[in-house]
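Engineer: Just the structure for this:
(2 chains)
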Amino acid sequence: MIKNISNLGDAAVYCDFGDEVNKEINSKVINYFQSLKDRKFEGITNLTPSYNKLIVSFDLSITNFKKTKKIIENLEIKKNHIISKKKIQIPVCCEEEYALDLKKLENKLNKPIGEILETFFSKEYFCYMTGFIAGMPFLGDIDKNLHAKRLKTPRVKVPKGSIGLTEQFCNIYTFESPGGWNIIGNTPFNVFDSLNEDNPNLINPGDTVSFIKINKEIYKNYNE
Amino acid sequence: MSESFFKVIRAGINTTFQDLGRNNLNHFGIPISGVMDKRNYIIANKILHNVPSHPIIEFAYQGPRLVYHGEPLNISVSGDVKFKIFKNNNEIEGKCYETITLEDYDEIDLISTNKSVYGYLAIGADLCIDYQWKSCSINTKANIGSNNGKKLQDNQKIEVSKIKELSRRKLDHIDSKIENLRVIKGTNFHYFSKESQAKFFKKEYSVTKLTDRMGMRLEGERLDNIINTNIKSEGLVKGVIQIPADGNPIIMLADHGTIGGYPKIATVISADFDKLSQLTPGSKIKFKEVNLKDAETIFKLYEMETNNIISKIL
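Structural biologist: Numbers count the residues shown, from 1 in each chain, chains lettered A, B, ... in the order given. Okay, here's the model as predicted:
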């Protein structure tokens, strides 16, 4: 199932499931991730699943690459893991002050703003992974007509709650952070809660997200 | 017994509570965090007979100035740190790697780190601070950890309890520096032209000011990518060297983003993490290739060396 296993530095195993990004490959990654997580192997310090890769970090004082690779190769994979499959609705305000790159997208995509938003809001999105910053969901796939490259110069500060697009994906900036995605709106929802230690993320891999368009008045009242 | 505490007169540039960090949360997007220079953290705590995971005050460049109120208490400072102790009206030059006893109204001024970035102030008592995911380590970007996830502020209090016995301990130790950073080739090494691959190991790179607990940006000869300047976003680990489109390396440090989309040219070996984090802006370094087997051996030696240093504490 894993196409290739190699080392990433001296304290991590890099599991490559392929180059493509789709739900099938991603669910293989998640199956391995869950199976390793459930077993709680000594010395493994982190599991980082992404679209089509899984990185297994370990404590070099306790174990090493060879031993950890063996664990992964001999791992019994329980299929049909009960992974998160929630449907989550996220309100988004796309008025000018929050939609920092919508005007530029109009040119990039050669489509009127109305059509861009209509296309974006008409679909549900699958959560492939969370990370980069705490709780940030990587969602897909957005309509082919909305595929845009990253900003040439990334922003030093993307406001908290921003909804960004790039290529076939969209995301939510859970904190103010640097970033290069095209910002089309902002949500008043808190997507990460560090006080909830068991389940800090509102959106988890396997969940489905739909975005609901709201106006500025509703957005501002939510914050109050 | 009355309450014992430090009051922060001056917080310093980036002063945080740290320990060994928090594991197994990368999948939520939460990095390990923890001390930048683990060896100096371990030594400072060992001098005070603290357990290996005891919380510590980490500071960068300019440290805090603190006034102490309460029962006599031992502290120790590690790293290459210039500091002073004020007792009554006497000013005493501080010495790293030894116990110092503070009494009511004594002050400590951690003035600066010499040709290094991080210094540590260990305290021979329990710190009354919060834990998140079993770690006090502060991640200021995500506001996770003790002190509401924020760096220390002027005028705040740091309460202590269970003050330890006041033994006298010291260590003769000077931190060594590095010029070569040892690395293992990365998963995207072939993304770079043959010429750039050679340059990466031959040319000098300098550390820039755009360096913090998240990452270190370097500057040097541009590395040309011949395949793609982006990869499909995937996990990162500490020490990974990413090369974004501008061709300059970025090394991931303790508070790094858990996922990234730039090609990985190499990864710094674990044995060099402590010294890597102490490189100041302007420092020049060269990358030197080692294989996995050698990296593992070098790490074992580094651990032995740390244990040898600790065993010399008298």
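Engineer: okay, CA-based contacts and neighbour counts for the rest of this
Structural biologist: Fine.
Engineer: Domain map for chain A?
Structural biologist: Domain ranges of chain A: A:4-73, A:87-223, per automatic domain parsing.
Engineer: any chance of these in JSON lines, with mean neighbour count and distance to B:Leu223 too?
Structural biologist: Below are those laid out as JSON lines (neighbours: other C-alpha atoms under 10 Å in any protein chain shown; distance: least, C-alpha to C-alpha, whole Å):
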{"stretch": "domain A:4-73", "mean neighbour count": "19", "distance to B:Leu223": "20"}
{"stretch": "domain A:87-223", "mean neighbour count": "19", "distance to B:Leu223": "18"}
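Engineer: would TSV of those with distance to B:His54 and mean pLDDT be doable?
Structural biologist: Shown next, in TSV, are the domains of chain A (distance: least, C-alpha to C-alpha, whole Å; pLDDT from 0 to 100):
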stretch	distance to B:His54	mean pLDDT
domain A:4-73	19	96
domain A:87-223	21	94
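Engineer: Now render those as TSV, adding distance to B:Gly119.
Structural biologist: Shown next, in TSV, are the domains of chain A (distance: least, C-alpha to C-alpha, whole Å):
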stretch	distance to B:Gly119
domain A:4-73	24
domain A:87-223	27
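Engineer: To B:Leu110, which of the ones you listed lies closest?
Structural biologist: domain A:87-223 (30.6 Å; C-alpha to C-alpha).
Engineer: can I get the domains of chain A in JSON lines with distance to chain B?
Structural biologist: Listed next are the domains of chain A as JSON lines, based on distance: least, C-alpha to the nearest C-alpha, whole Å:
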{"stretch": "domain A:4-73", "distance to chain B": "4"}
{"stretch": "domain A:87-223", "distance to chain B": "4"}
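Engineer: Nearest to B:Arg22, out of these?
Structural biologist: The nearest among those, by C-alpha to C-alpha, is domain A:4-73 at 8.9 Å.
Engineer: Name the nearest residue to residue 68, sequence neighbours excluded.
Structural biologist: Using chain A here. A:Val13 (7.3 Å; C-alpha to C-alpha, 6 or more residues apart in numbering or on different chains).
Engineer: that's the wrong chain, I meant chain B
Structural biologist: Per C-alpha to C-alpha, 6+ apart, closest to B:Tyr68 is B:Phe6, 4.5 Å.
Engineer: residue boundaries of the helices in the chain?
Structural biologist: In the absence of a named chain, chain A is used. Secondary structure of chain A by DSSP state H: the helices cover A:23-39, A:65-73, A:102-109, A:113-121, A:216-223.
Engineer: actually chain B
Structural biologist: B:38-47, B:194-202, B:273-277, B:292-311.
Engineer: Buried deepest among those helices, which one?
Structural biologist: helix B:38-47 (a mean of 25; mean count of other C-alpha atoms under 10 Å in any protein chain shown).
Engineer: By proximity to chain A, which residue of the stretch 1-150 of chain B wins?
Structural biologist: B:Gly29 (3.5 Å; C-alpha to the nearest C-alpha).
Engineer: residue contacts, that residue?
Structural biologist: Shown in contact with B:Gly29 (C-alpha atoms under 8 Å, 6 or more residues apart in numbering or on different chains): A:130-136, B:257-259.
Engineer: Nearest to A:Phe58, out of those: which one, please.
Structural biologist: Distances from A:Phe58 to these, taken by C-alpha to C-alpha, are shortest for B:Thr258, at 15.1 Å.
Engineer: hmm, back to that, now render the helices of chain A as TSV, adding distance to B:Asp224.
Structural biologist: Formatted as TSV, the helices of chain A follow (distance: least, C-alpha to C-alpha, whole Å):
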stretch	distance to B:Asp224
helix A:23-39	31
helix A:65-73	30
helix A:102-109	27
helix A:113-121	35
helix A:216-223	45
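Engineer: returning to what we had before: look at the residue nearest to B:Tyr68 and report its pLDDT.
Structural biologist: B:Phe6 carries a pLDDT value of 98.
Engineer: who's in contact with it?
Structural biologist: B:Phe6 neighbours (C-alpha under 8 Å, 6+ apart): B:66-69, B:157-160.
Engineer: Could you chop chain B up by domain?
Structural biologist: B:4-161, B:180-311.
Engineer: Return the distance of stretch B:14-21 from the chain's centre.
Structural biologist: With C-alpha atoms, centre = their mean, to the nearest Å as the basis, stretch B:14-21 stands 8 Å off its chain's centre.
Engineer: which residue is nearest the middle of the chain?
Structural biologist: In the absence of a named chain, chain A is used. A:Phe138 (2.0 Å; C-alpha atoms, centre = their mean).
Engineer: look at chain B instead
Structural biologist: B:Met36 (1.6 Å).
Engineer: for that residue, what are its contacts?
Structural biologist: B:118, B:213, B:253-254, B:273-274, B:277.
Engineer: For it, what are phi and psi?
Structural biologist: phi -80, psi -40 (degrees, to the nearest 10).
Engineer: What distance do you get for it to A:Phe58?
Structural biologist: The gap separating B:Met36 from A:Phe58 is 18 Å, by C-alpha to C-alpha, to the nearest Å.
Engineer: just A:Ile214 next, same as before
Structural biologist: 45 Å.
Engineer: Next: B:Gly70.
Structural biologist: 42 Å.
Engineer: quick one: the residue of the stretch 1-150 of chain B closest to chain A from B:Ser137, how far?
Structural biologist: 16 Å.
Engineer: residue contacts, residue 18?
Structural biologist: You didn't say which chain, so I picked chain A. A:2-3, A:25, A:52-53.
Engineer: that's the other chain; I wanted chain B
Structural biologist: B:Gln18 touches B:34-35, B:55-58, B:135-138, counting by C-alpha under 8 Å, 6+ apart.
Engineer: B:Ile243 too?
Structural biologist: Counting by C-alpha under 8 Å, 6+ apart, B:Ile243 has contacts B:223, B:229, B:249-250, B:262-265.
Engineer: What about the closest residue to B:Ser196 other than its chain neighbours, how many residues nearby?
Structural biologist: Of all residues not flanking B:Ser196 in the chain, B:Leu223 sits nearest, at 5.2 Å (C-alpha to C-alpha, 6+ apart). When neighbours are defined as other C-alpha atoms under 10 Å in any protein chain shown, B:Leu223 has 22 of them.
Engineer: Would you mind measuring from B:Leu223 to chain A?
Structural biologist: 18 Å (C-alpha to the nearest C-alpha, to the nearest Å).
Engineer: Check B:Pro263 too.
Structural biologist: Taken as C-alpha to the nearest C-alpha, the span from B:Pro263 to chain A is 12 Å.
Engineer: And for that residue, the neighbour number?
Structural biologist: 28.
Engineer: Surely it and B:Ile231 touch.
Structural biologist: Yes - assessed by C-alpha atoms under 8 Å, B:Pro263 is found in contact with B:Ile231 at 6.0 Å.
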